[in-house]
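Undergrad: model this:
(one chain, ligands or ions: 2)
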Amino acid sequence: MTNDPEKHGAETDFARKMSYGDYLHIDTILSAQHPLSDAPDELLFIIQHQTSELWMNLMLHEVASARRCIAAHKLPEAFKTLARVSRIMEQLNSAWDVLRTMTPSDYTTFRDQLGMSSGFQSLQYRLIEYALGNRNLAMLKPHSHDPVGSARLQSELAELSLYQTVLTFAAQQGHDVPEALISTPATAPHQADDAVRALWAKVYKDPATHWTLYELGEKLVDLEDYFRRWRFNHVTTVERVIGFKRGTGGTGGVDYLKMMLSVELFPELWHVRTEL
Ligand code: HEM
Ligand SMILES: N[C@@H](CC(=O)c1ccccc1NC=O)C(=O)O
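TA: Numbers count the residues shown, from 1 in each chain. Ligands and ions are numbered 1, 2, ... in the order given. I've put the predicted structure just below:
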């Protein structure tokens, strides 16, 4: 017998009611794929990037919320949010398995259509880096033609980064944090600092006494661990698909991305491990 959902109470008249598609604006999302070629894999390439951008949108929302929770000393709420951020990164990491099915032969059929566009120009990726604390102001330039994007980057730069927010919390708990690191929003990538490493050493050598900071430190290590995996998946996929060709964005490609693997978001949290 064929199932009739109406007999089970399912609503089927949406002439005057909000439906699934209305609420989620599915029309808008599904009318945003515009391949520039007839290459069969261009749709995969577009959707892969668009879904990544959607997850990045959520990630920015959650990082902002985590920062507010830490600043308000609502640590359990911040832990929950940071755990979610790591799960989002995991989602972004598994997505590479889909893109990896695209061979160099597939990609070269439409790569020329991309012109000089590149993920290097992703506004949300840069906002995430800035929110976490990797504030390289040279990365503002590709957005200077875009007043709305530039304004978003500037308003992010007017906030303390996530790492600065954590260090401010540590200072409020009575730990020694150099004032210059937390007094104003950072305008350069965070550099490893001896006093901060000493602070984390104190925390990690006696977790029972400093449990909240210990848990916070591990949440940041988790997040950076996932971030590193994203960068590694990216560079490996890039090598697999374009070898050592220059990037459309103008960089050396794989060599440039390999250099970016050495970026440390929360350096002292990694360095401290040697002395434990
Ligand atoms: C076949 C697929 C891909 C290739 C060949 C590729 C290639 C590259 C290359 C060569 C760069 C260096 C900049 C340049 O000169 O263009 C780059 C940067 C970047 N790509 Fe991709 N990419 C791919 C997929 C993706 C995906 C799926 C994302 C997800 C959004 C992404 C996001 C980024 C970001 C954010 C950067 C800047 C990284 C940084 O500044 O550290 N890429 N990509
Ligand atoms: N940089 C890539 C092109 C690329 O991957 C790309 C192009 C437009 C929009 C997003 C992209 N993804 C990541 O860089 C290349 O050199 O082939």
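Undergrad: after the helix or strand hosting residue 60 comes which helix or strand?
TA: Residue 60 belongs to helix 42-71 when assigned by DSSP states H and E. Going down the chain from helix 42-71, the next helix or strand is helix 75-99, by DSSP H and E.
Undergrad: can you name every helix or strand that that following helix contacts?
TA: Here helix 75-99 touches helix 42-71, helix 211-242, going by 3 or more C-beta pairs under 8 Å, 6 or more residues apart in numbering; DSSP states H and E. C-beta coordinates here come from the backbone N, C-alpha and C atoms, glycine included.
Undergrad: what residues does the stretch 1-150 of the chain have near ligand 1?
TA: 48, 49, 52, 99, 107, 118, 119, 120, 122, 125 (C-beta under 6 Å from any ligand atom).
Undergrad: of these, which count as buried by neighbour count?
TA: Neighbour counting with 16 or more other C-beta atoms under 10 Å marks 48, 52, 99, 107, 120, 122, 125 as buried within those.
Undergrad: read off the pLDDT value for residue 260.
TA: Residue 260 is assigned 97 on the pLDDT scale.
Undergrad: rewinding a little: so does the helix holding residue 60 get close to ligand 2?
TA: Yes: using C-beta under 6 Å from any ligand atom, helix 42-71 reaches ligand 2 at residue 49.
Undergrad: now the buried ones among the residues of the stretch 1-150 of the chain next to ligand 1 in CSV, with distance to residue 239 and pLDDT?
TA: Converted to CSV, these look like this (distance: C-beta to C-beta, whole Å; pLDDT from 0 to 100):
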residue, distance to residue 239, pLDDT
48, 17, 98
52, 19, 98
99, 13, 96
107, 12, 98
120, 17, 97
122, 20, 98
125, 20, 98
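Undergrad: and these, which is closest to ligand 2?
TA: residue 120 (6.3 Å; C-beta to the nearest ligand atom).
Undergrad: and that closest one, how close does it get to residue 139?
TA: Separation of residue 120 from residue 139 (C-beta to C-beta, to the nearest Å) stands at 8 Å.
Undergrad: same check, this time on residue 64
TA: 19 Å.
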